[in-house]
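Chemist: sequence plus predicted model, see below.
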Amino acid sequence: MKPAPAFDFGIVGGGLQGCLVAHAVAWHQPEATILLLERTDELCGNHTWSFHETDLAEGARGWFDPLITHRWPGYRVSFPGLSRRVGIPYATITADRLREATLALVGGTGPAARPGRLVARTGESCEILSPTVVRLGGADDISCRVVIDCRGRAAGGSPGGVGYQTFIGHEYETARRWPAAEPTVMDVPVDQADGFEFLYELPLGPDRVLLEYTRFHEEPACDETRATELIATRLAEADAASAKLIRTERGCLPMPYVAASRHDGPALAGGYAGDWYHAATGYSMPLAVRFAELVARARPDRINAEVGSAAARDGLRRGFARFLNRLLFCLVRPADRWKIFRRFYRVLPEPRIARFYAHRFTFTDAARIVVGWPPAGLAPIRFARSFVSLPRAVPT
Ligand SMILES: Cc1cc2nc3c(=O)[nH]c(=O)nc-3n(C[C@H](O)[C@H](O)[C@H](O)COP(=O)(O)OP(=O)(O)OC[C@H]3O[C@@H](n4cnc5c(N)ncnc54)[C@H](O)[C@@H]3O)c2cc1C
């Protein structure tokens, strides 16, 4: 007789997706046992994850809301020729809060603590041997009812068919009150250098602010000089040039415009590993939360089928998100990329914006993003020609 699995869930990768799955399972299946494995010394890395509150499924609010660290009733965008306040509630969770809340599931303090339910092991890389077995540090094999691959983006060189969104963010403590109470999600300078670039501003408290430089480019490297210049300009405008730098985060997200070949790893995959992220915005939260909910609510023998059919139902939206990346990286000139975003915020009413970010957009929402007045810069001949030079599926 086969021995009983040691754990109900084996989650490999303790980043955003892995920790969200742990929280969703702990909430919906309080008796389930969870093994959470992270190769670095700490869960969650060093991130500030923002999202529109309308991204979240109602069913997730019970376990997700306690993770939220900051909330704002809306945010601003600012482009040459357009400034707009978007009244969609916006929020953030920090890696510190997610880590603390996840460790509370292991035992110790906090209302969610139920000792023994979740075992978290860090500092050890592990291998997924099958849909139910993981191997720790090249030695111990542990069997689980289901193994979930949350290992993030595969390491390796840059595949064809992607552009990149690169970030460098500095969090500051300011001596005087920061002048803005709400985030500015895109502050687009007039002189666009090579590609689309903007400053992202997140007031995290009266004397705390995260200023993040973002660039959409063909290359994954961040332009550090330009980032320093734009961030320094904003600090000076806010009369906060002497602000104290307390944290830096940086990174690079791929923006694929060609479909990835199907995930063929041995286990069910979520987050970046399983394509559960919004390819056009780079925001992971809407789809990572949806994946966590699907896993935690599915009948044990139906998890793969339910996740698979949810992904298939979303297939057209994923295709449209890639098409938008193609529009950005192949069909408009780098110097004109910013105009696509300005048009988006100029023509779309809030409910359409909310559905787009939440990856729940309709056919009409999609059509309005690219068709109609003013034009989205889609030259028909360039569009037709681009098919000839389009790379094939991106290997994952
Ligand atoms: C600077 C920056 C800002 C961002 N801002 C936002 C934002 O505001 N909102 C948003 O929604 N998204 C944002 N994103 C995107 C988001 O961070 C990622 O998409 C998200 O982290 C992906 O989640 P994941 O769990 O799939 O991968 P990760 O968070 O990368 O987690 C994968 C984890 O698996 C671990 N791992 C890998 N291999 C193994 C192994 N063999 N054994 C054990 N562990 C392993 C890794 O160490 C890592 O901890 C941002 C990204 C960056 C870079």
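Modeler: The structure has been received and is ready for your questions.
Chemist: what are the boundaries of the helices in the chain?
Modeler: Taking DSSP state H as the criterion, the chain carries its helices at 16-28, 61-64, 95-106, 224-237, 285-297, 303-313, 315-326, 337-347, 350-357, 363-370, 380-386.
Chemist: who touches the third one?
Modeler: Spelled out, it's helix 95-106. 14, 16, 19, 22-23, 26, 34, 36, 42-49, 66-67, 69, 110, 112-115, 117-120 (Cβ atoms under 8 Å, 6 or more residues apart in numbering). Yep, even glycine has a C-beta here, placed from its N, CA and C like the rest.
Chemist: now with 6 Å, please.
Modeler: The contact list for helix 95-106 (Cβ atoms under 6 Å, 6 or more residues apart in numbering) reads 19, 22, 26, 43-47, 67, 69, 110, 112-113, 118, 120.
Chemist: check the fourth one too.
Modeler: Around helix 224-237, the neighbours that count as contacts under Cβ under 6 Å, 6+ apart are I168, H170, A193, L199, L211, Y213, A241, A243.
Chemist: near the ligand at all, it?
Modeler: No: Helix 224-237 stays clear of the ligand (Cβ under 6 Å from any ligand atom), getting no nearer than 11.7 Å.
Chemist: can I get that helix in CSV, CA atoms only?
Modeler: Presented in CSV, the C-alpha positions along helix 224-237 are these (Å, rounded to 0.1, in the frame of the first residue of the first chain):
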residue,chain,number,x,y,z
GLU,A,224,20.1,54.0,-13.8
THR,A,225,21.3,57.5,-14.8
ARG,A,226,17.9,58.5,-16.1
ALA,A,227,16.2,56.9,-13.0
THR,A,228,18.4,59.0,-10.6
GLU,A,229,17.7,62.1,-12.6
LEU,A,230,13.9,61.8,-12.6
ILE,A,231,13.8,60.7,-9.0
ALA,A,232,16.0,63.7,-7.9
THR,A,233,13.8,66.1,-9.9
ARG,A,234,10.7,64.8,-8.2
LEU,A,235,12.3,65.1,-4.7
ALA,A,236,13.4,68.6,-5.5
GLU,A,237,9.8,69.6,-6.7
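Chemist: quick revisit: least confident of the contacts of helix 224-237?
Modeler: On pLDDT alone, A193 ranks lowest of those, at 67.
Chemist: quick check: residues of this protein near the ligand?
Modeler: Residues of the chain lying near the ligand (Cβ under 6 Å from any ligand atom): 12-18, 37-40, 45, 47, 49-51, 125-126, 150-152, 167, 169, 249-251, 253, 271-273, 277, 282-285.
Chemist: which ones among the contacts of helix 95-106 map onto strands?
Modeler: L118, A120 (DSSP state E).
Chemist: pick out the lowest-pLDDT one from the contacts of helix 95-106.
Modeler: A113 (44).
Chemist: dump the helices of the chain to JSON lines, plus mean neighbour count.
Modeler: Formatted as JSON lines, the entries for these read as follows, by neighbours: other Cβ atoms under 10 Å:
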{"stretch": "helix 16-28", "mean neighbour count": "26"}
{"stretch": "helix 61-64", "mean neighbour count": "17"}
{"stretch": "helix 95-106", "mean neighbour count": "19"}
{"stretch": "helix 224-237", "mean neighbour count": "15"}
{"stretch": "helix 285-297", "mean neighbour count": "25"}
{"stretch": "helix 303-313", "mean neighbour count": "14"}
{"stretch": "helix 315-326", "mean neighbour count": "18"}
{"stretch": "helix 337-347", "mean neighbour count": "19"}
{"stretch": "helix 350-357", "mean neighbour count": "19"}
{"stretch": "helix 363-370", "mean neighbour count": "16"}
{"stretch": "helix 380-386", "mean neighbour count": "11"}
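Chemist: least confident of those, on average?
Modeler: helix 380-386 (a mean of 60).
Chemist: next, count neighbours for the residue lying closest to S50 once chain neighbours are set aside.
Modeler: Closest residue to S50 apart from its sequence neighbours, by Cβ to Cβ, 6 or more residues apart in numbering: T92 at 4.6 Å. As a burial measure, T92 scores 21 neighbours (other Cβ atoms under 10 Å).
Chemist: isn't T92 right next to H47, touching?
Modeler: No: between T92 and H47 there is no contact under Cβ atoms under 6 Å: 9.8 Å.
Chemist: any idea how far the residue nearest to S50 is from V289?
Modeler: 14 Å (Cβ to Cβ, to the nearest Å).
Chemist: and for Q29?
Modeler: 17 Å.
Chemist: so what sits opposite I128 in the bridge?
Modeler: V134 (DSSP bridges).
Chemist: now for it, how many residues are close by?
Modeler: 22.
Chemist: distance of L82 relative to F320?
Modeler: 24 Å.
Chemist: grab the nearest non-local neighbour of the one residue sitting closest to the centre of the chain.
Modeler: When Cα atoms, centre = their mean is applied to the chain, the residue found nearest the centroid is S284 (2.2 Å). Nearest non-adjacent residue to S284, counting by Cβ to Cβ, 6+ apart: Y277, 4.3 Å away.
Chemist: isn't the one you found right next to M285, touching?
Modeler: No: with contact defined as Cβ under 6 Å, Y277 does not count as touching M285 (8.8 Å).
Chemist: are any of the contacts of helix 224-237 buried, and if so which?
Modeler: Listed as buried from these are I168, H170, A193, L199, L211, Y213, A243; burial here means 16 or more other Cβ atoms under 10 Å.
Chemist: give me the pLDDT for the residue nearest to S50.
Modeler: 98.
Chemist: partner residues bridging it?
Modeler: Going by DSSP bridges, T92 forms beta bridges with S50, H70.
Chemist: how far away is it from C222?
Modeler: On the measure of Cβ to Cβ, T92 and C222 end up 21 Å apart.
Chemist: how about P189?
Modeler: 16 Å.
Chemist: how about E42?
Modeler: In terms of Cβ to Cβ, E42 sits 23 Å off from C222.
Chemist: okay, those two: which has more neighbours?
Modeler: Using other Cβ under 10 Å as the criterion, E42 and C222 rank with C222 on top: 19 against 12.
Chemist: wouldn't the more buried one be in contact with Y164 here?
Modeler: No: C222 is beyond contact range of Y164, at 9.2 Å (criterion: Cβ under 6 Å).
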